[in-house]
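Chemist: output the structure for:
(chains A and B)
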Amino acid sequence: MNKQDWKILLVDDEREFITTLAERLDLRGIATRVVFDGESALSAVAEEEPQVMILDVLMPGIKGLEVLERVKRTNPNVQVLLLTGHGSTRDGIEGMRLGAFDYMMKPLNIDTLIEKMESAIDYAEKAAKLGQ
Amino acid sequence: MREALFMGRLTAQATHEMQNILATIRETAGLMDDLLAMGGGQFVHAERFKQGLDVVAQQVGRGMELSEQLNYCAHAPEPSPAGCEVNEALRSLCVLYTRIAARHRVLLGLVPGRAGLHTDLRGMEVMDLAALALDCALPLLERDTDLRLVVQEQGGLPVVLLRGASFDDLCRRTEFLPLSDRARGLGVILRAGPDGQGLALTLPLARG
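Modeler: I've put the predicted structure just below:
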């Protein structure tokens, strides 16, 4: 699948960080949708299912791990990449247990992020084929 | 201890914020780098601009390292059933003690031991003890000494070695008494290092 066709949802309450990341992905031909809290993330997933969700673990309101749990219940095909900090690597490991595809520590390396997004999309496509 | 836990909680929150700030700076510098690369060499000062962005990236890396170790420090007073990982505690101390060592013109580093080497002590206690040993040794060292805290496992027990000065000289320092008192209080064996050089701290094994 071409990068232009990827459906990516970015979720982080750090607005400057996540909108800049979206802009950098856009420069690489990857369009994204950006939301700033867990509740909006759940609505966005319900409206249009993304293939990959980049999800910050520590957000005010609904926490990242709760968003992950709820999304995996309603939309198991969505692959979730968690964003963690050095104080929250345990959350990353817990996230993997809850069904996250992988987790990454901030600050990000954009090339590594794109590689992980690509792997997540490949995995989702293979899983969908097996499920058919 | 309540105060240390309270300060730790505040510090952990602050380091999380610092991490978000640094991540945003890095992403913004990355965007500027992207835009510069797309400019097709039109910008006269492109080379200098790129150098500036590289400095920003380096400084963000430096900030991340400090923030990471400060975050470790924030959690160091917390008790853990598994005990504390000795290398992690000393790595944090070495990073945060760099400037103190530099005041004595000493370069401080860590030679880690086996990964996963745990002691029954809290992270804060290991750091405090090693810091007392450093306070004792630093004034005795010659300029530009490369001082290493060495972690080893001897007879199944974690041992921290500090070389660079003779044990006899260390014993004469006023800082030695609080160090030996603290070691005794924590159940740590304090003795001379190999060949009477430096000192060795044998830490109690983790019960978990």
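
Chemist: the strand or helix carrying A:Met104: how far from the chain's middle?
Modeler: When elements are assigned from DSSP states H and E, A:Met104 belongs to strand A:102-105. With C-alpha atoms, centre = their mean, to the nearest Å as the basis, strand A:102-105 stands 10 Å off its chain's centre.

Chemist: write out the residues of chain A neighbouring chain B.
Modeler: A:14, A:16-17, A:20-21, A:23-24, A:27, A:58, A:85-88, A:106-108, A:110 (C-beta under 8 Å from any C-beta of the partner chain). Backbone N, C-alpha and C define where each C-beta goes, glycine included.

Chemist: filter those residues down to just the ones in helices.
Modeler: Judged by DSSP state H, the residues of chain A next to chain B include A:16-17, A:20-21, A:23-24, A:27, A:110 as members of helices.

Chemist: which ChimeraX command selects the buried ones in the residues of chain A next to chain B?
Modeler: Burial among the residues of chain A next to chain B is assessed by 16 or more other C-beta atoms under 10 Å in any protein chain shown; the matching ChimeraX selection reads:
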select /A:14,17,20,21,23,24,58,85,86,87,88,106,107,108,110
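
Chemist: chain A contacts on chain B?
Modeler: B:12, B:15-16, B:19-20, B:22-24, B:26-28, B:30-31, B:34-35, B:38, B:60, B:64, B:67-68, B:71, B:74-75.

Chemist: picking up where we left off before, can you dump the C-alpha atoms of the strand holding A:Met104 in CSV for me?
Modeler: Output of strand A:102-105 as CSV, limited to C-alpha atoms (Å, rounded to 0.1, in the frame of the first residue of the first chain):
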residue,chain,number,x,y,z
ASP,A,102,4.7,-1.5,19.8
TYR,A,103,5.8,1.4,21.9
MET,A,104,8.3,4.2,21.3
MET,A,105,10.0,6.7,23.6
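
Chemist: let me see the confidence value for A:Gly87.
Modeler: Per-residue confidence (pLDDT) for A:Gly87: 63.

Chemist: now do the helices in chain B.
Modeler: B:2-38, B:46-75, B:86-96, B:98-103, B:123-137, B:167-172, B:176-186.

Chemist: how about the lowest-mean-pLDDT helix or strand in chain A: buried residues?
Modeler: Using mean pLDDT, DSSP states H and E, helix A:89-97 stands out as the lowest-scoring helix or strand of chain A, at a mean of 85. By neighbour count on 16+ other C-beta under 10 Å, the buried set for helix A:89-97 is A:91-92, A:94-95.

Chemist: pLDDT wise, what is the residue lying closest to A:Lys106 once chain neighbours are set aside at?
Modeler: The shortest distance from A:Lys106 to any non-neighbouring residue, by C-beta to C-beta, 6 or more residues apart in numbering or on different chains, is to B:Ala23 (4.1 Å). If you check B:Ala23, the pLDDT there is 94.

Chemist: wait, which of the helices of chain B is closest to B:Val151?
Modeler: helix B:86-96 (5.5 Å; C-beta to C-beta).

Chemist: show me what the closest one packs onto, helices and strands only.
Modeler: When contacts are defined as 3 or more C-beta pairs under 8 Å, 6 or more residues apart in numbering or on different chains; DSSP states H and E, helix B:86-96 packs onto helix B:46-75, strand B:107-111, helix B:123-137, strand B:146-154, strand B:157-166.

Chemist: give me the below-cutoff pLDDT ranges for chain B.
Modeler: Applying pLDDT under 70 to chain B picks out residues B:208.

Chemist: pairing partners for the strand holding A:Met104, with directions?
Modeler: Strand pairing for strand A:102-105, using DSSP bridges, gives strand A:79-84 (parallel).

Chemist: domains for chain B, by residue range?
Modeler: B:2-75, B:84-202 (automatic domain parsing).

Chemist: of all these, which one is nearest A:Val71?
Modeler: Of all these, domain B:2-75 comes closest under C-beta to C-beta, at 22.9 Å.

Chemist: ends of that closest one, what's the gap?
Modeler: From its first residue to its last, domain B:2-75 covers 13 Å (C-alpha to C-alpha, to the nearest Å).

Chemist: how about stretch A:46-62?
Modeler: Using C-alpha to C-alpha, the end-to-end distance of stretch A:46-62 comes out at 16 Å.

Chemist: enumerate the positions of that stretch that are buried.
Modeler: Under 16+ other C-beta under 10 Å, the buried positions of stretch A:46-62 are A:50-59.

Chemist: what of stretch B:174-185?
Modeler: B:175-176, B:179-180, B:182-183.

Chemist: can you tell me which of these lies nearest to chain A?
Modeler: Chain A lies nearest to B:Arg182 out of these, by C-beta to the nearest C-beta, at 27.7 Å.

Chemist: what's near enough to touch B:Ser80?
Modeler: Neighbour list for B:Ser80: B:Arg122 [criterion: C-beta atoms under 8 Å, 6 or more residues apart in numbering or on different chains].

Chemist: now do stretch B:23-30: distance to the chain's middle.
Modeler: 26 Å.

Chemist: likewise for stretch B:50-63?
Modeler: With C-alpha atoms, centre = their mean, you get 22 Å for stretch B:50-63.

Chemist: what do you get for stretch A:42-59?
Modeler: Taking C-alpha atoms, centre = their mean, one finds the center of stretch A:42-59 at 6 Å from the center of the full chain.
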